[in-house]
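Student: Pasted the sequence and its predicted model underneath.
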Amino acid sequence: MRIEWKTDYSVGIKKFDTQHKRLFEMLNDLHKGVVKRRDRETMEEVLAGLIDYTCTHFGSEELAMQEYAYPDYEEHLAEHKKLMASVNGYVDDMKSGKDLRALDLGGFLFNWLTDHIARTDKRMCAFLKAEGSPS
Ligand SMILES: [Fe+2]
C-alpha cells in the first residue's frame, strides 16, 4: 500500500515538511522493492539511501534546535538516536539473511515517523516559530 503525506502531518515549517515528504517517498520505494522482491543488493542500496537521508534530516532538525536553544533538545535527540539504533538492528537482521517482508521495516518506520511528527516534531516547530524561525 502506498503511503501519502497529508496536511495533518504538517509541522508548520516548510523545510521540515519537504524533508518529511521525501522520507515518505523513500518509504514507498522501500515498500515497492520488498513487494517486487528486488534482489538483496538493490534493497541494500535503497535502505542505505533511506538511512543516509534520515541522518541528513535529523541533523537539520538538531541544528535548528541548537540554534534556537530548544529546551527539550536532549529528549528529542534521544528519539532520533533510538530510531537509528533500531534501523541498524534491522540492517543487521537483513544482512544475516532474514526475510525483508517478515521484518516489515517499512511499517515500523511509517508508524515511527507519523508518531514522531505528531508529538515531537510539531512541538519543536511550534517553539522554533515562536522564537522567530521562518515557517
Ligand atoms: Fe525529529
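Tutor: Happy to help now that I have it. Numbering: from 1, shown residues only.
Student: For the chain, name the helix or strand with the lowest mean pLDDT.
Tutor: helix 100-103 (a mean of 76; mean pLDDT, DSSP states H and E).
Student: immediately after the helix or strand encompassing residue 45, which helix or strand?
Tutor: Using DSSP states H and E, residue 45 sits in helix 40-67. Next in sequence after helix 40-67, counting helices and strands by DSSP H and E, comes helix 73-95.
Student: and that next one, how far from the chain's centre?
Tutor: For helix 73-95, the separation from the chain centroid amounts to 10 Å (computed by CA atoms, centre = their mean, to the nearest Å).
Student: hmm, that helix touching the ion?
Tutor: No. Under the criterion of CB under 5 Å from the ion, the ion is not reached by helix 73-95; the shortest gap measures 5.8 Å. (C-beta placed from N, C-alpha, C; glycine too.)
Student: Return the mean pLDDT over that helix, rounded to an integer.
Tutor: The pLDDT scores in helix 73-95 average 94.
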